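Okay, predicted coordinates and the sequence, questions at the end:
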Amino acid sequence: MFLDAELHLAYKIANTPILNFPFPHIYVENIFPADFYSKLLKNFPELKDLKSLADSDKANWGLAGYKDRFILNLGKKEELSMFEKNKQEFLKEFGEIFIKGEFGKLLKSKFKRFLDMRFQYLENVSFHDEVRLILDKKNYSLGPHTDKPSKVISILFYLPKDLTQKETGTSIYMPKDLNLLDKKLPHKHYPHEHFHKVITMPYVPNSAFCFVKTNNSFHGVEKLEMENTDRWTLQYNLYVTDESLEEEIVAKNKHLKN
């Protein structure tokens with residue numbers, strides 16, 4: 001159904017040069033065909049149909065502060081079942097672009113050099129992925145962090161209707177003082193004031209920011225202060241399975257002892 005959009009997406013990602021400082025990433029404009037992007041905007045859910053991140057997993061106390069972020073998991077049929085048929089079908093087909101396997105292969109091929117370095121001590125690595133439509137409202141912010149150890153690659157598709165929130169894209173950071181980093185919990189979220197902001201990706205229509213999770217992939221979002229903030233993004237994440245993560249930790253520790 002969306003073959004033209006898939007091919008356009010693959011072309012854009014495959015042919016965009018990788019930027020290496022301060023960690024591997026790419027920024028892509030016009031990532032979907034213009035007519036497809038217009039259809040996508042028309043099929044957004046309403047706020048009432050989304051669940052806040054704080055309420056999505058109440059057992060996870062770390063999410064309690066994210067009441068201004070609302071999510072829809074496009075890989076879960078039960079979350080799509082509330083929509084009228086046409087919108088439900090569009091969102092289902094759209095989500096399948098990312099979770100049927102080929103998109104993950106594209107990203108792994110794109111960043112193969114960096115994945116080979118990370119998993120150099122493993123013979124086999126198993127992956128899984130997720131894709132979520134996200135709406136951020138006023139007061140949402142995200143402190144500098146590198147992402148949890150199981151994260152491998154993340155891509156954030158920016159989905160605004162216009163340029164009015166151009167400055168609210170994802171920011172890349174570098175720590176002011178390495179001694180302030182938590183060595184036991186390196187992926188924790190830190191206060192913005194402890195970091196230098198290197199650059200903010202432009203939050204403009206039909207663009208995307210993609211990066212590899214590394215030990216220094218610090219990124220976040222400055223506080224959203226516009227009164228009528230509607231910051232739509234599509235977030236695709238590629239992870240290693242719990243089993244592969246455990247094997248990775250054991251293999252690295254073994255190497256360090258040798």
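Nice, thanks for sending it over.

C-alpha from now on. contacts and neighbour counts both.
OK.

Let's see the pLDDT reported for Gly65.
According to the model's per-residue confidence, Gly65 sits at a pLDDT of 67.

now Phe90
Per-residue pLDDT puts Phe90 at 95.

and it, how far is that from Leu47?
In this structure, Phe90 and Leu47 are separated by 18 Å, where distance is defined by C-alpha to C-alpha, to the nearest Å.

Which of the two has more residues huddled nearby?
With other C-alpha atoms under 10 Å as the criterion, Phe90 and Leu47 differ in neighbour count, and Phe90 comes out ahead with 17 against 13.

is it true that the more buried one lies in a helix?
Yes - note on Phe90: a helix contains this position according to DSSP: H, G, I helix; E, B strand; the rest coil.

Run a quick check on it versus Phe44, I expect a contact.
No - here Phe90 does not reach Phe44: they are 9.8 Å apart, not a contact under C-alpha atoms under 8 Å.

ok, which stretches of the stretch 51-200 of the chain are strands?
In order along the chain, the stretch 51-200 of the chain carries the following strands (DSSP state E, counting those that start in this stretch): 51-52, 69-73, 127-136, 142-145, 151-158, 171-175, 195-200.

The third one vs strand 69-73, what angle?
What it means is strand 127-136. Put simply, strand 127-136 runs at 140 degrees to strand 69-73, going by axes from the mean of the first three to the mean of the last three C-alpha atoms, to 10 degrees.

Which elements pack onto strand 127-136?
Judged by 3 or more C-alpha pairs under 8 Å, 6 or more residues apart in numbering; DSSP states H and E, the packing partners of strand 127-136 are strand 69-73, helix 85-99, strand 231-240.

Can you lay out those as JSON lines showing distance to Ile153?
JSON lines is the format used below for the helices and strands packed on strand 127-136 (distance: least, C-alpha to C-alpha, whole Å):
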{"stretch": "strand 69-73", "distance to Ile153": "18"}
{"stretch": "helix 85-99", "distance to Ile153": "13"}
{"stretch": "strand 231-240", "distance to Ile153": "5"}
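
quick one: which of the ones you listed is nearest Lys110?
Nearest of the helices and strands packed on strand 127-136 to Lys110, taken as C-alpha to C-alpha: strand 231-240 at 13.1 Å.

Extract the C-alpha trace of the closest one and format it as CSV.
Below are the C-alpha coordinates for strand 231-240, written out as CSV (Å, rounded to 0.1, in the frame of the first residue of the first chain):
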residue,chain,number,x,y,z
ARG,A,231,5.0,18.4,19.0
TRP,A,232,4.3,15.3,17.0
THR,A,233,7.0,12.7,16.4
LEU,A,234,7.3,9.2,15.2
GLN,A,235,9.9,7.2,17.2
TYR,A,236,11.4,4.0,15.9
ASN,A,237,13.7,2.2,18.3
LEU,A,238,15.9,-0.9,17.6
TYR,A,239,17.0,-2.9,20.7
VAL,A,240,19.0,-5.9,21.5
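
what does it contact?
Defining contact as C-alpha atoms under 8 Å, 6 or more residues apart in numbering, one finds that strand 231-240 is touched by 98, 104, 125-137, 150-160, 165.

what about 7 Å?
Judged by C-alpha atoms under 7 Å, 6 or more residues apart in numbering, the contacts made with strand 231-240 from elsewhere in the structure are 104, 126-137, 150-160.

can you map out the helices along the stretch 1-150 of the chain?
Secondary structure of the stretch 1-150 of the chain by DSSP state H, counting those that start in this stretch: the helices cover 3-14, 34-42, 53-56, 77-80, 85-99, 102-110, 112-118.
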